[in-house]
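[1] Give the three-dimensional model of this entry:
(one chain, ligands or ions: 1)
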Amino acid sequence: MRLVFLGPPGAGKGTQVKILSRILGLPSMSTGDVFRAEIASGSELGRLAQSYMERGELVPDDIVIKIVEKWLKERGVRNGFILDGYPRNVRQARELDELLKDLGVELTAAIYIDVPEDEIVRRLSGRLTCKSCGAVYHIAFNPPKEDLKCNLCGSELYQREDDREDVVRRRFHVYMENTRPVLDYYRKAGKLLIVNGLGGIEEVSERILKELRGRFAKFSDGSFRANG
Ligand code: AP5
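    Numbering: from 1, shown residues only. Just a heads-up that it's a prediction; the model follows:
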């Protein structure tokens with residue numbers, strides 16, 4: 001199954017991708033996590049990405065497209081994958097389709113997690129992220145077992161720089177302008193699945209799985225085709 005996750009900042013894409021990647025046994029990649037790791041390592045790419053991320057702007061397409069292409073080619077696309085935070089605009093969506101076509105496969109579905117703006121503000125203002133493994137928590141909705149420590153690796157949790165209120169507002173604007181049109185792109189291609197992102201984390205995972213099971217059947221060669 002080859003999936004991309006779409007949704008406004010803070011909709012729960014990263015949270016759901018990590019869960020579904022484990023349940024479905026698919027490798028996943030978050031372009032945001034790649035950039036945060038580059039920033040932490042102090043690389044040139046990290047410095048460049050940071051100059052866009054701290055303003056809530058998109059990192060230039062040519063850079064992101066190369067990163068995704070490299071990852072997909074290295075991992076191989078036949079056994080499936082999940083992308084979190086890519087594509088972010090119609091150009092990125094087209095480039096992904098072209099790349100997959102060249103590799104002899106196509107995208108299974110684009111999953112849109114639908115969450116209203118006031119809930120997004122609540123989620124982002126309480127988000128905590130692990131400095132080391134990128135695991136995501138929320139002070140109220142999904143608290144770590146120990147204060148400011150990651151359940152998985154024990155490292156320190158921090159609040160992301162781009163979760164400041166002014167940057168969140170800018171990210172939301174950039175999302176409405178650039179990423180919303182991607183929904184139409186996938187709707188026209190018959191690949192868009194819209195999932196209600198309100199409710200508990202497990203509840204949302206169940207909804208996504210139910211949508212996928214309802215629409216796609218797994219074949220013995222490991223591929224997925226639309227039911228009926
Ligand atoms: P990125 O890291 O992708 O940020 P984003 O898309 O804005 O999404 P977030 O990571 O903020 O939110 P999320 O939807 O993953 O929610 P989460 O699961 O964490 O990108 C950051 C930046 O990198 C961009 O602004 C851009 O500059 C650059 N970039 C990345 N990709 C790019 C691309 N393709 N092109 C160009 N630039 C790119 O959940 C949020 C909070 O809610 C957490 O605290 C979580 O615990 C909680 N939560 C989750 N689900 C629930 C639930 N059901 N109930 C209650 N709480 C919940």
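[2] Next up, the contacts around Tyr185.
    Val90, Ala93, Arg94 (CB atoms under 8 Å, 6 or more residues apart in numbering). Quick note: C-beta positions are derived from backbone N, CA and C, even for glycine.
[3] Wait, a strand at Lys210?
    No - counting by DSSP: H, G, I helix; E, B strand; the rest coil, Lys210 falls outside a strand, being helix.
[4] That one: neighbour count?
    When neighbours are counted by other CB atoms under 10 Å, Lys210 registers 11.
[5] which residues does the spatially most central residue of the chain bridge with?
    The chain has Asp84 as the residue nearest its centroid, 2.0 Å off, counting by CA atoms, centre = their mean. As for beta bridges, Asp84 partners with Phe5, Ser30 under DSSP bridges.
[6] which residues does it contact?
    Phe5, Lys13, Gly14, Val17, Ser28, Met29, Ser30, Thr31, Gly32, Asp33.
[7] From these, list the ones also adjacent to the ligand.
    The residues of these that also fall near the ligand, by CB under 6 Å from any ligand atom, are Lys13, Gly14, Ser30, Thr31, Gly32.
[8] Minimum distance to the ligand, which residue of the protein gives it?
    The nearest approach of the chain to the ligand comes at Gly32, 2.0 Å away (CB to the nearest ligand atom).
[9] Now that residue: closest residue in space that isn't a chain neighbour?
    Excluding the flanking residues, the one nearest Gly32 by CB to CB, 6 or more residues apart in numbering is Gly85, at 4.8 Å.
[10] residues contacting that neighbour?
    Gly85 makes contacts with Phe5, Lys13, Gly14, Ser30, Thr31, Gly32, as judged by CB under 8 Å, 6+ apart.
[11] Neighbours of Leu58, how many?
    With neighbours defined by other CB under 10 Å, the count for Leu58 comes to 20.
[12] How far off centre is the helix or strand hosting Ile82?
    Using DSSP states H and E, Ile82 maps to strand 81-84. Relative to the chain's own centre, strand 81-84 is displaced by 7 Å; criterion: CA atoms, centre = their mean, to the nearest Å.
[13] Validate this expectation: Tyr112 resides in a strand.
    Yes - the assignment for Tyr112 is a strand, going by three-state DSSP.
[14] partners of it in the sheet?
    Going by DSSP bridges, Tyr112 is paired in beta bridges with Leu6, Ile194.
[15] Regarding the closest residue in space to Glu57 that isn't next to it in sequence, what is its secondary structure?
    Among residues not flanking Glu57 along the chain, Val174 sits closest, at 6.2 Å (CB to CB, 6+ apart). Using three-state DSSP, the structure places Val174 in helix.
[16] list the contacts for Val174?
    With contacts defined as CB under 8 Å, 6+ apart, Val174 is in contact with Gly56, Glu57, Leu58.
[17] can you count the residues close to the first one?
    Other residues near Gly56 come to 19 when the count uses other CB under 10 Å.
[18] Model confidence for it, exactly?
    Looking at Gly56, its pLDDT is 92.
[19] can you confirm it is in a strand?
    No - read with three-state DSSP, Gly56 is coil and lies in no strand.
[20] Please look at it and Glu165 and confirm they touch.
    No - using CB atoms under 8 Å, Gly56 is not in contact with Glu165, being 10.8 Å away.
[21] Surely Leu99 is in contact with Lys66?
    No - between Leu99 and Lys66 there is no contact, the gap being 10.8 Å when judged by CB under 8 Å.
[22] Which one's more surrounded, the two?
    Between Leu99 and Lys66, Leu99 has the larger neighbour count (other CB under 10 Å), namely 16 against 11.
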